[in-house]
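Novice: here's my sequence, what's the structure:
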Amino acid sequence: MHRSTVRAAFTLIELLVVIAIIAVLIGLLLPAIQKVREAANRLKCSNNLKQIGVATHAYHNNNGFLTPAWLGDNKFDPDGWASWAVLLLPYIEQQAQYAQWDLRYLASTQPPAAYQSQVKTYLCPSRPDPVLSISDFISPGGGLSDYAACFGTAANGSTSVGAIIPVKAMNKSVAVDASGKEAVIQFQGQLTLLSITDGTSNTLMYGEKHIRPKSLRGKDEDRSVFGSNNNAIRRMAGNDPDSTDQRPLRGPTETGNNANESFGSRHQGICQFVFCDGSVKALSVTIDLQTLTNLITRNDGNIVGPVD
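Specialist: Residues are numbered from 1 along each chain as shown. Okay, here's the model as predicted:
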C-alpha cells in the first residue's frame, strides 16, 4: 500500500487573516515611528540652535560685539551685504565657504560657492529639503536657513540691529574702492552682551522662523539667508509699541497679517529659540503675547520668570 502525503498550506482565508493582522500592526507602528523621527528632528533642530548660540558667543569674544543681523546702516532693510549667516560661518566649521567671501562687497558680487551652499546647521530637519532660492533685486539665489535673528518688536532685539559702517560717501554707508566699486571699508556692531540689560537668560537671540506654506521653498520670506531680503534674515515677535501690529508664534500652516515676519516651527505646538546666554528652550505657540514681547526685547525692563 502507498501512503499518500498531504502538503500543509495556508488557505485563502488564513492568508487574508495574516495580511489583515500585519496591516493592523503596521498601522499601530507607523505613528510610533513618526513620533520617534520627529523627536530626533526636534533634538537635531535644538542642537543647530545651540551651535548658532555658541558661535555667536565666540564671535563676540573675538570681535567685541554681537553678530549684526546684516552689514549696513539701515536698521530695517538690508542692502544685500553679508548677513549674520555669513559672519558665523568660521565659527560653525564652515571656514572653506567663508573663505569665498569678501565682506567688502555685495552678496550679488560673490562667487556662487560663497552663497549657494546649504549649511546643515542652518536647516531644520523637519522642514522640506532646501533648494536654491529665487533671485531677488538684492541678491542672487542662494542657500536657505530655517532660523532667523531676533529683531525684537521693531529693531530692539538682541543681535538684530544692522552694523555701523562709519565710512560715508554719497550719503551711503559705503566707500568706493580703487576700482570704482562700492565697498564696505570697516564695520562695527552696535550691541554687546552688556547691551542685553534685561538679562541674557531672559532674552531671545535666534529662533525658528515661520514660513507660510505657499512660500516653501526658496520664495518670499524663504529666500537666501546670505545677504538677501530682511524677512529671510530676521524676524520679529510680540506687540509692536509703535503700531497695532501683533506677531504671535505661528503654527506650520498659518498665514495672515505679519505671518511672513514671525517666528514659528514645524514642530507641533512649540517653537525653539536659543537665548542670549546660549540655552535652548522650546516656547509654546500659545505663549502669552506680552510675555513673548518681554522675551524678544533686550532692554524694556520687563524681566520675565524662568521659561521652561
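Novice: got the contact list for the residue sitting nearest the centre point of the chain?
Specialist: Central residue of the chain (Cα atoms, centre = their mean): Tyr147, 0.4 Å from the mean position. Contact analysis of Tyr147 by Cβ atoms under 8 Å, 6 or more residues apart in numbering lists Asn48, Leu49, Ile52, Tyr122, Cys124, Tyr206, Gly207, Glu208, Lys209. (Glycine included, C-beta is placed from N, CA and C.)
Novice: now His60: how far from Thr192?
Specialist: 7 Å (Cβ to Cβ, to the nearest Å).
Novice: common neighbours of the two, please.
Specialist: Jointly contacting His60 and Thr192 under the rule Cβ under 8 Å, 6+ apart are Leu66.
Novice: so which of those two has more stuff around it?
Specialist: More neighbours surround His60 than the other of His60 and Thr192, with 18 against 12 (other Cβ atoms under 10 Å).
Novice: where does pLDDT dip in the stretch 151-300 of the chain?
Specialist: The model of the stretch 151-300 of the chain has pLDDT under 70 over residues 159-178, 180, 185.
Novice: would you map the strands across it?
Specialist: Remark: strands assigned in the stretch 151-300 of the chain by DSSP state E, counting those that start in this stretch are 175-176, 182-183, 204-208, 234-235, 238-239, 246-247, 270-275, 280-284.
Novice: so which of those strands is nearest Ser158?
Specialist: strand 204-208 (4.9 Å; Cβ to Cβ).
Novice: convert the C-alpha atoms of that closest one to PDB, please.
Specialist: Only the C-alpha atoms of strand 204-208 are listed here, as PDB (Å, rounded to 0.1, in the frame of the first residue of the first chain):
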ATOM      1  CA  LEU A 204      15.800  85.600  22.800                       C
ATOM      2  CA  MET A 205      18.700  85.600  20.300                       C
ATOM      3  CA  TYR A 206      17.800  83.300  17.300                       C
ATOM      4  CA  GLY A 207      14.800  81.200  16.600                       C
ATOM      5  CA  GLU A 208      12.900  79.100  14.100                       C
END
